[in-house]
Structure formats: structure tokens, C-alpha cells
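Q: no sequence on this one, just coordinates:
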């Protein structure tokens, strides 16, 4: 199904570049037609790679976030155990300093018990203190063991964070390279189609020249199609995330046409057209009141920033209740 959508989009891009001349690429010189086909195939191939790299980058970002969170928790626990160990070590040192007076301490404790108003309660207090002192060395050993475990865990997690950071940086660079390649591929596709259109125009001398709006629509559709697979984020207008009106606004900006960042406002920013007369680049609005917009790309297809679950995608123009359409420019 995704492959079929890409084929529809490819035919739409071809139509907007050549429709104004009243011809199709099939009637151009065979060599030029081959150039267009090859350029289109390259665009589709790089678009597929871009989606795969974007998914990998997202997975790496999530893994890095989790690794940093785990490291933060381990470091906090390590600090807590270090503080506890210092307290126990201070107590052990105090006990060692007092070893010489252990007999005096015992006599003093006995005296406190025999002279206390409540000898039983005083004896309990003395026994509790002696038990606490006896447990201090054992507690120190336990804390030392736990500190060794936490230091090892911290070292492993720091290594993982470094590895994931490098991986994220590498995938980010890869994604940037793929996006740049995709932009170049679209530019090459446009050049190939322009050459084919010029050859057709020369063969049909009476065919009218393509109006500026056709070139603008081609640029707008090319930009919108290059974003297929990007995320949907409310209020975003690129470069890597869009909402519905942010995508159409950014796309038509490529043709020098300024649109407001609002689907309902965009409906008043062009010449109204009927659904039967839609041409690639036209904006189609949905629901009542208007709350969604997409860009027609030909062959009954629409490119739009759908929702947070699906992001920017190609779908049928009739997949939602249509409220109207306009032609910007």
C-alpha cells in the first residue's frame, strides 16, 4: 500500500510539472523520459532510506534517555551509601579510640544501672548501645560491599551512555546526510522534468508556457512530499515535525507564498476551487468548522500531517469530510 501511495505521488509530481503545457512525460524524448524515471526512482529510494534512518535515530534517542536516567539513579544511590559509610566509619573510629577505657565504660554503665531510678530501663539503654557498637564493623563491611557493586554498575552505565551518545551523534549525522541527499534528488528530479517540459514545449510550439503558479505548486508539493514520515507535533512548522497547517504553510513558503498558521485562516488565503477541478498544490479543508488541511498531489491523493500517531502521510483526498478547497498564489 505504501508503495502504491509513492507511485501515485510520483505521478502527481510529474503532472504538475508538465500539465500546464498540455502534454505528459511519455511524449517527451525517450532519453529525457528515462532521466525523469531514474530521478524519480532515486527520490523514492532515498525517501525509504530516510524513514529507516529516522526510526533508528528515534530508537537511539530513547535508549540514551533511559541510560542517562539509570546512571543518575545509580549515582544518587552511590552518594547516599558513601555518606552512610562515612558515618559508620566515624563511629568505628570512635569505638577504637575508646578501646583503652572499655573497663571504665563497663563500670560506668554498671554504676548508671544501679543508681538509676528505673534500673531495668537503664539496663536496656546500655545493652542497646553495646549492641549498636558491636554491629558497626559488620555494617561497615556491608556498606563497603554495596559501594563496590554501585561503582561497578556506575562504570558500566557510564560506558553505555558514552556508546549511545556516539551512536546518537552518528545517526543524527547520517539522517542529516540522507535529508541533504533527498533534497538534491528532488532538485535533480525537478531539473529532469524541466528539461522534458522544455523539449515538449519546443516540439509543440503552440503550447502555452507554463504559468508561474505551476512552478510554485511543483515546489510546494515537492517540499510536502519530502516530509512524508516526519512526526506530527501541534504548532510545529518544520523542519522535522509539523502540524497540518504548519506543513502546508512551510510547503507554499518554498514558492514564496505566505500562508497563516491556521487551517481555517488558510481557507481564506486563496482562490476557491471545486473538488472536481483540484490541481496538485491546491489546499483541501476538512470538517465543520474547518479544523484540518492537506495538500492535493493529484490522482485523488492528499499529503498531510495527519495526527501524532501517523505523522506526515499520503492518503485519499476523500478520506475525511471535505469542507472546501482553495488554490494559493
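A: Perfect, I can see it now. Since the structure is predicted, the reported quantities are computational estimates derived from the model, not experimental observations.
Q: in the host helix or strand of residue 223, which residues are buried?
A: In this assignment (DSSP states H and E), residue 223 forms part of helix 212-226. Under the neighbour-count criterion of 16 or more other C-beta atoms under 10 Å, helix 212-226 has 213-226 buried. No exception for glycine: its C-beta is placed from N, CA and C like everyone else's.
Q: pLDDT of it, averaged?
A: Helix 212-226 shows a mean pLDDT of 84 in the predicted model.
Q: what helices or strands is it leaning on?
A: In this structure, helix 212-226 packs against helix 2-18, helix 119-203, helix 244-253, strand 292-298, strand 301-305, with contacts taken as 3 or more C-beta pairs under 8 Å, 6 or more residues apart in numbering; DSSP states H and E.
Q: where's the residue nearest the centre of the chain relative to residue 215, distance?
A: Geometric centre of the chain, nearest residue: residue 58, 5.5 Å, by C-alpha atoms, centre = their mean. With distances taken as C-beta to C-beta, to the nearest Å, residue 58 is found 35 Å from residue 215.
Q: sorry, back to before: beyond the helix holding residue 223, next helix or strand please.
A: Beyond helix 212-226 on the C-terminal side, the first helix or strand identified by DSSP H and E is strand 231-232.
Q: tell me the strands beside that next one, with direction?
A: Next to strand 231-232 in the sheet, as set by DSSP bridges, lie strand 241-242 (parallel).
Q: if we look at the partner strand, which residues are touching it?
A: Taking contacts as C-beta atoms under 8 Å, 6 or more residues apart in numbering, the residues outside strand 241-242 that touch it are 227, 230, 231, 232, 233, 236, 250, 305, 312.
Q: now residue 287. Nearest residue, chain neighbours left out?
A: Closest residue to residue 287 in three dimensions, ignoring its sequence neighbours and counting by C-beta to C-beta, 6 or more residues apart in numbering: residue 321, at 5.7 Å.
Q: for that neighbour, give me its contacts.
A: By C-beta under 8 Å, 6+ apart, the contact list for residue 321 reads 286, 287, 288.
Q: ranking by neighbours, what's the top pick from those?
A: Neighbour counts for the contacts of residue 321 were taken using other C-beta atoms under 10 Å; the highest belongs to residue 286, with 20 neighbours.
Q: retrieve the pLDDT associated with that residue.
A: At residue 286 the predicted local confidence, pLDDT, stands at 96.
Q: am I right that it is in contact with residue 318?
A: No - Residue 286 lies out of contact with residue 318 (C-beta atoms under 8 Å); the separation is 10.1 Å.
Q: sorry, back to before: mind putting the buried residues of helix 212-226 in a markdown table, distance to residue 148 included?
A: Supplementary listing: these in a markdown table, determined by distance: C-beta to C-beta, whole Å:
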| residue | distance to residue 148 |
| --- | --- |
| 213 | 72 |
| 214 | 72 |
| 215 | 69 |
| 216 | 68 |
| 217 | 68 |
| 218 | 66 |
| 219 | 63 |
| 220 | 62 |
| 221 | 62 |
| 222 | 60 |
| 223 | 57 |
| 224 | 57 |
| 225 | 57 |
| 226 | 53 |
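Q: now, the most widely separated pair of the residues you listed?
A: Spatially, the most separated pair among the buried residues of helix 212-226 is 213 and 226, at 20.3 Å (C-beta to C-beta).
Q: about what we covered before: which of the contacts of strand 241-242 are buried?
A: Using 16+ other C-beta under 10 Å as the burial test, those include 227, 230, 231, 232, 236, 250, 305, 312 as buried.
Q: in strands, which of the contacts of residue 321 fall?
A: In strands, defined here by DSSP state E, the members of the contacts of residue 321 are residue 286.
Q: got TSV for the contacts of residue 321, with distance to residue 39 too?
A: As requested, the contacts of residue 321 are arranged in TSV below (distance: C-beta to C-beta, whole Å):
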residue	distance to residue 39
286	33
287	37
288	41
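Q: quick revisit: and the helices and strands packed on helix 212-226 as CSV, adding mean pLDDT and distance to residue 329?
A: Shown next, in CSV, are the helices and strands packed on helix 212-226 (pLDDT from 0 to 100; distance: least, C-beta to C-beta, whole Å):
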stretch, mean pLDDT, distance to residue 329
helix 2-18, 41, 13
helix 119-203, 80, 18
helix 244-253, 96, 8
strand 292-298, 96, 13
strand 301-305, 96, 18
